[in-house]
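Q: build me a model from this:
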Amino acid sequence: MFEPTKKHRVATEVKQRVPEAVIALLWQTLSDFRKQKKLVSKTIAVAFSDDYDDQTIYILLMQGNGEISEEVKLTYTGSKDFLNQGTIVIINDKPHTVNMTLSALNKQSTDATTNK
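A: Here you go, the predicted structure:
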């Protein structure tokens with residue numbers, strides 16, 4: 001599961017909402033969890049916390065139906081404009097790729113805002 005040889009694909013909506021440096025941190029966190037044998041589900045939800053400081057952001061990685069979760073502290077000094085928006089990134093392990101997309105809820109929120 002989540003083998004490092006698989007292609008990583010990031011959906012356009014994630015690239016538009018989350019800074020490239022943070023996306024790289026998410027891939028690194030996923031790799032760290034794989035090495036530590038903490039991955040038990042082929043789908044992981046990543047929620048961004050509203051708490052942050054100049055040097056740090058926090059994410060919550062949830063697996064299964066959310067019964068397995070862990071808060072992770074990430075060192076990030078860039079713009080924090082993407083936080084406080086309720087963004088949830090979904091990471092799916094597929095046979096040949098690992099895909100990063102926005103949650104269906106975020107997509108509905110974006111569609112509702114666009115259609116106003």
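Q: immediately after the longest helix belonging to the chain, which helix or strand?
A: In the chain, taking DSSP state H as the definition, the longest helix is helix 20-35. Going down the chain from helix 20-35, the next helix or strand is strand 43-52, by DSSP states H and E.
Q: so how far is the helix or strand just after that following strand off the chain centroid?
A: Sequence-wise, the next helix or strand downstream of strand 43-52 (DSSP H and E) is strand 56-63. Relative to its chain's centre, strand 56-63 lies at 8 Å (CA atoms, centre = their mean, to the nearest Å).
Q: and what of stretch 5-18?
A: Distance, centroid of stretch 5-18 to centroid of chain: 10 Å (CA atoms, centre = their mean).
Q: what does that stretch contact?
A: 23, 26-27, 82, 85, 87, 89, 93-94, 96-102, 106-107, 110 (CB atoms under 8 Å, 6 or more residues apart in numbering). To be clear about C-beta, it is placed using only N, CA and C from the backbone, and glycine gets the same treatment.
Q: what about 7 Å?
A: Residues outside stretch 5-18 that contact it (CB atoms under 7 Å, 6 or more residues apart in numbering) are 23, 27, 82, 87, 89, 96-102, 107, 110.
Q: among these, name the ones in strands.
A: 89, 97-102 (DSSP state E).
Q: how is the residue lying closest to Leu25 once chain neighbours are set aside assigned, secondary-structure-wise?
A: Computed as CB to CB, 6 or more residues apart in numbering, the closest residue to Leu25 that is not its neighbour in sequence is Leu74, at 4.9 Å. Look at Leu74: counting by DSSP: H, G, I helix; E, B strand; the rest coil, its state is strand.
Q: before we move on, back to that, for the longest helix of the chain, give the mean pLDDT please.
A: The pLDDT scores in helix 20-35 average 97.
Q: can you mark which positions in that helix are buried?
A: Residues of helix 20-35 classed as buried: 22-23, 25-26, 29-30, 33 (neighbour count, 16 or more other CB atoms under 10 Å).
Q: packing partners for it?
A: Where contact means 3 or more CB pairs under 7 Å, 6 or more residues apart in numbering; DSSP states H and E, helix 20-35 is not packed against any helix or strand.
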